[in-house]
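# Predicted model and sequence below, questions to follow.
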Amino acid sequence: MSNPLVSLLGEKVQNKAKEDVDVASLSSEGGVLGLYFSAHWCGPCRSFTPSLAKFYDNFKKTDEGKKFEIVFLSSDRDESAFSEYFKEMPWLALPFANRDIKEKLSKRFKVRGIPNLVILDSSTGKLITADGRNCVMEDPEGKRFPWSPKPFQEIFTGSILQHDDTEITTESLKGNILGLYFSAHWCPPCRGFTPKLAECYKKVKETHKNFEIIFVSSDSDEEHFRAYWKEMPWAALPFGDARKQALAKHFSISGIPTLVLLDENHKVITEKARAQVIKDPEGKEFPWYPKALNELDDSAQAVINEDKCVILFADVQEDDDVTKAKDVLLPVAEEYKKNEKEEDDKLHFYVAGDEDIVDSLREFLNIKDDDLPILTILDIPEQQVYKCDKKEITATIINECLTKYKEESLEFKPLSG
């Protein structure tokens, strides 16, 4: 059985003397490995590295620190800059030549900027937290190391505020489908979405009495919080409540408005419920469990911008072309989703018909009428796209593309739109 860290980093990393260190030796029961994405040219990196080095040196002296190690993954432009910067670090490094491994890990852990410290369980290679930088800054003595995220049930305790300033307990919300609405008055998209959510909420409550929403405010002062909350027919966390930050971190909230939907056991149904409210304002398909395949429309914009998507652009010359495309892609999507592992890159599957967004996307990707039907894998975060060159799109063709995608052997082209 292969070592999980070797699968990630390869066989060897190097120490400061540029001697090889076996990656397998870094794996231990109860051990922790930090992947430090950084570069000398990056000002914030150079500011953070001394703080991380101080933490590392002090923490390594403790019993817990004996099973902790860091590996530097460089984004420097050349080996000379890498070597010079590595001199400032007391830990190990991935050899500069292993750029493919560094890029693969950046994609896997969704590293969008640096410095970034990803914390892993060294015995399994599984993610503990992708927010290691903030953890070090907030907890420089490592008292909460290895900074495992608190379970939702530990965060979501205590009181919730109602409009008459009475309180209810989180305990009373158990058994309810729960929406956490991250929003703020200063945010124009939030103010545009809140009335739509309020209408949808009222519709859904007619048939789902156990649906509740909690407003999680990012407002800058209590006056704006109160004024904005008046527009909402649901309860809220009190202004300035510490649970707001903990919940935002738990669900990796990177922008607002965001609506996270949890089932009766408070397991995540979807973290993109905002798109479902827009797509299904009457709540006919509530509680919006994710489907293996969707038709591409305006509600998919956020997903397309943030994640990798398999999109089959249908011919649409005949009335049943979209239906035929769905019939081909649906069983493939269902099988892929059934076998999708937690550590895999998540893929979303769409059939593109004749919605307005399809025309815009086709123009962006330079897809002509004569190109249809065409299978694509769109990766906007990495600014790349794959276009299948087969004219007849069958389940076999799609599966072949997905296999190559997993093997990282597809030929992606840079986006030029």
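Thanks, I have it.
# What pLDDT does the model give Asp345?
In this model, Asp345 is scored at 68, pLDDT.
# now do Glu223
Glu223 is given a pLDDT of 96.
# for the one 3 residues further on, same thing?
Here, the pLDDT recorded for Arg226 equals 97.
# separation between it and Phe182?
Arg226 is 17 Å from Phe182, where distance means C-beta to C-beta, to the nearest Å. Quick note: C-beta positions are derived from backbone N, CA and C, even for glycine.
# can you give me the helices in this protein?
Secondary structure of the chain (DSSP state H): helices at 4-9, 43-59, 79-86, 99-108, 132-138, 152-155, 188-207, 222-229, 243-250, 273-279, 301-306, 321-339, 356-365, 395-406.
# Show the contacting residues for the closest residue to Ser220 other than its chain neighbours.
What sits nearest to Ser220 in space, not counting adjacent residues and going by C-beta to C-beta, 6 or more residues apart in numbering, is Trp186, at 6.5 Å. Shown in contact with Trp186 (C-beta atoms under 8 Å, 6 or more residues apart in numbering): 219-220, 224.
# for Lys126, phi and psi?
The phi/psi pair for Lys126 (degrees, to the nearest 10) reads phi -80, psi 150.
# Contact partners for the closest residue to it other than its chain neighbours?
The shortest distance from Lys126 to any non-neighbouring residue, by C-beta to C-beta, 6+ apart, is to Leu120 (6.6 Å). Leu120 makes contact with 5, 8, 32-35, 126-128, according to C-beta under 8 Å, 6+ apart.
# Give me the buried subset of the residues you listed.
5, 8, 32-35, 127-128 (16 or more other C-beta atoms under 10 Å).
# between those residues, which is nearest Lys67?
Val32 (6.4 Å; C-beta to C-beta).
# What is the neighbour count of Asp263?
13 (other C-beta atoms under 10 Å).
# I'd like the distance between the closest residue to it other than its chain neighbours and Leu35.
Distance criterion C-beta to C-beta, 6+ apart; nearest residue to Asp263, sequence neighbours excluded, is Ile269 at 5.3 Å. Relative to Leu35, Ile269 is positioned 30 Å away (C-beta to C-beta).
# got it, and Phe211?
Distance from Phe211 to Leu35, by C-beta to C-beta: 40 Å.
# OK, contacts around Lys272?
Here Lys272 is in contact with 259, 302-303 (criterion: C-beta under 8 Å, 6+ apart).
# Turn those residues into JSON lines, columns for distance to Lys54.
Listed next are the contacts of Lys272 as JSON lines, based on distance: C-beta to C-beta, whole Å:
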{"residue": "Leu259", "distance to Lys54": "40"}
{"residue": "Ala302", "distance to Lys54": "39"}
{"residue": "Val303", "distance to Lys54": "40"}
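# Would you mind listing which of the residues you listed are buried?
By 16+ other C-beta under 10 Å, the contacts of Lys272 give 259, 303 as buried.
# What lies in contact with stretch 139-149?
32, 51, 54-55, 58-59, 62, 64-65, 68, 119, 128-129, 131-132, 135, 249-250.
# Quickly list the domain ranges of the chain.
4-138, 153-279, 293-414 (automatic domain parsing).
# who's in contact with Asp371?
Phe313.
# how close does it get to Glu340?
Per C-beta to C-beta, Asp371 is found 28 Å from Glu340.
# Can you give me the neighbour number for the residue nearest to Leu173 when sequence neighbours are not counted?
Nearest residue to Leu173, sequence neighbours excluded (C-beta to C-beta, 6+ apart): Glu212, at 5.9 Å. The tally of other residues near Glu212 (other C-beta under 10 Å) stands at 18.
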